[in-house]
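Trainee: Predicted model and sequence follow; I will ask about them next.
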Amino acid sequence: MDFQDLVDTPQKVKTLAGTLVFLVAFPVYFEALPSLIDDEISGGGSSGLSGSLSVVFEESTTSLSESVSLGDGESHDTFFDLMDESEMSIGFVELQVSCFDNDEPGPGFTDSVDGVSDLSDVEGYSTGEIADQSADGDCSGMGNGGFSIRWDVTPGYTGESFTEEEMNENDIRELWSDGGNGRGAWIATITASIETDPIGFVDNDEDFDITWTAVFFELIIEPTSS
């Protein structure tokens, strides 16, 4: 049987055309089937849970610590790289610089430190959602000297659980999301100011402890028990 035998009647032409359409559509359908199944499982556009919902923030912490000794006017650049952490959002990032000036010759000789960030390589900086900050503080001989800076990558983040009565699950997840911000290289420069006796015999430098902390979180949303 040659090709002419397959198309010598209108009925055979229709049958051949239907067969060709099936041969083209069959693999396309099964290629798309997994995504169709995933959409169905995930709710296919559903708003998720609603009613009285318990919202819990399951946290994970990443930190980096270093120590440096600086003389008067000397600076140090500190780096904290944050990459993707599975599907978790970033609640906040904090920079803590601590110092303890206990070797001064007398009143009026307290060392101090100031810091300024450079977040130009962090996601969200170009849109203004992540902004540079600066701070300073004395290295109190009584302890607790230095300064801290905190960035709320997810606005208003506290990590405190709560019960939601009005919003559905999708709205809650959209509200408590970092929007992809915060990933990248967090950089800050700290500069020491050393106050000492005229000849620098007693105190000519200071030790600084630098700690970066990032708190990631995953939302756990469940109906409240009746």
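Mentor: All right, it came through fine. Note that the coordinates shown come from a computational prediction; the quantities given were computed from them, not determined experimentally.

Trainee: Mind picking out the helix or strand in this structure with the poorest mean pLDDT?
Mentor: Lowest mean confidence among the helices and strands of the chain (mean pLDDT, DSSP states H and E): helix 10-41, at a mean of 49.

Trainee: and the next element down the chain from that one?
Mentor: strand 53-71 (DSSP states H and E).

Trainee: What residues of that next one count as buried?
Mentor: Using 16 or more other C-beta atoms under 10 Å as the test for burial, strand 53-71 gives Leu53, Val55, Phe57, Thr62, Val68, Leu70. Where C-beta positions appear, they are placed from N, C-alpha and C, glycine not excepted.

Trainee: Surely the first one touches Asn170?
Mentor: Put plainly, it is Leu53. No: if you go by C-beta atoms under 8 Å, Leu53 and Asn170 don't touch, sitting 11.3 Å apart.

Trainee: residues contacting the residue nearest the centre of the chain?
Mentor: Centroid-nearest residue in the chain: Ile90, 3.1 Å away (criterion: C-alpha atoms, centre = their mean). By C-beta atoms under 8 Å, 6 or more residues apart in numbering, the contact list for Ile90 reads Leu82, Val153, Thr154, Asp178, Asn181, Gly182, Arg183, Ala214, Val215, Phe216, Phe217.

Trainee: Based on its surroundings, how many neighbours for the fourth one?
Mentor: Which is Asp178. Neighbours of Asp178 under the rule other C-beta atoms under 10 Å: 23.

Trainee: Perfect, I'm done here.
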